[in-house]
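Undergrad: I'd like to go over a predicted model; first the sequence, then the structure.
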Amino acid sequence: MMDPSLPLMYDWVKRTRERLFEYTEALPNEVYVQNQPSLPASSLRDIHVHVADMYLWWIGRYCLGVEPYQRHLTALPPSQVATHAARTAAIITLEREETLRLQDVAAVRAKFLEVDALMEQAFATFDRLDHPFEVIRASGRPTKVTQRWALVSNMTHEFHHKGQMLAFGRALGYPLPEDIETDMALP
């Protein structure tokens, strides 16, 4: 049975995410997508997309068995997806190509709609929140997790990167306006 606090927490995350979208929409688009040598993920957009991709990996692939980029993977020669490492490398390449296609905040918003749909699916189907199971991570390392851990981990991961984005935005000369609050949305 789903813990009702988890969908509630995710609603707070989505409302907080909306504030970050308001901030990034106020930036010049070239600032949002421009590669910045001082940023670990190349651009503010890349960090934003990375957050969405991690939901797709952890909730989609590892917890729900929904393979990211499945349609694209089936079009590849079998040798390019024959092993875990090869399949993972192909997915990472596809992720990078998609990230570069997302040329503005509106496109990144659309990607987060995919995340929201996946989270709704998780909230509707997860029924063993604290039962450990093993996943094989992108690195090939087996790791024991739970459904609850995957949900909470992704939510906190999003806040970690939200903070990075705001700090980088300030460093690039775009401080957060005083009328936008990006801490956790109030209940």
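TA: Good, I have the coordinates. Residues are numbered from 1 along each chain as shown.

Undergrad: CA only for contacts and neighbour counts going forward, please
TA: Will do.

Undergrad: which residue ends up closest to the midpoint of this structure in space?
TA: Centre of the chain computed as the mean C-alpha position; nearest residue by Cα atoms, centre = their mean is residue 52, 2.0 Å away.

Undergrad: okay, it: pLDDT?
TA: If you check residue 52, the pLDDT there is 96.

Undergrad: same for the helix or strand containing it, what does it pack against?
TA: Secondary structure assignment for residue 52, by DSSP states H and E: helix 44-55. Contact here means 3 or more Cα pairs under 8 Å, 6 or more residues apart in numbering; DSSP states H and E; on that basis helix 44-55 packs against helix 29-33, helix 84-101, helix 105-125, helix 147-171.

Undergrad: which residues does residue 72 contact?
TA: For residue 72, the contacting residues are residue 94, taking Cα atoms under 8 Å, 6 or more residues apart in numbering as the criterion.

Undergrad: and it, that one's in a helix?
TA: Yes: the assignment for residue 72 (DSSP: H, G, I helix; E, B strand; the rest coil) places it in a helix.

Undergrad: Where does the prediction get shaky in the chain?
TA: With pLDDT under 70 as the threshold, the chain has low-confidence stretches at 38-41.

Undergrad: re earlier: ok now the helix holding residue 52, how far from the chain's centre?
TA: For helix 44-55, the gap between its own C-alpha mean and the chain's C-alpha mean amounts to 5 Å (Cα atoms, centre = their mean, to the nearest Å).

Undergrad: ok, and what's touching that helix?
TA: For helix 44-55, with Cα under 8 Å, 6+ apart as the criterion, the contacting residues are 31-34, 41, 95, 99, 104-105, 108, 111-112, 115, 154, 157-158, 161-162, 165, 168-169.

Undergrad: Quick check on those residues: which are buried?
TA: When burial is judged by neighbour count using 16 or more other Cα atoms under 10 Å, the buried members of the contacts of helix 44-55 are 31-33, 95, 99, 104-105, 108, 111-112, 115, 154, 158, 161-162, 165, 168-169.

Undergrad: Fine by me, thanks again.
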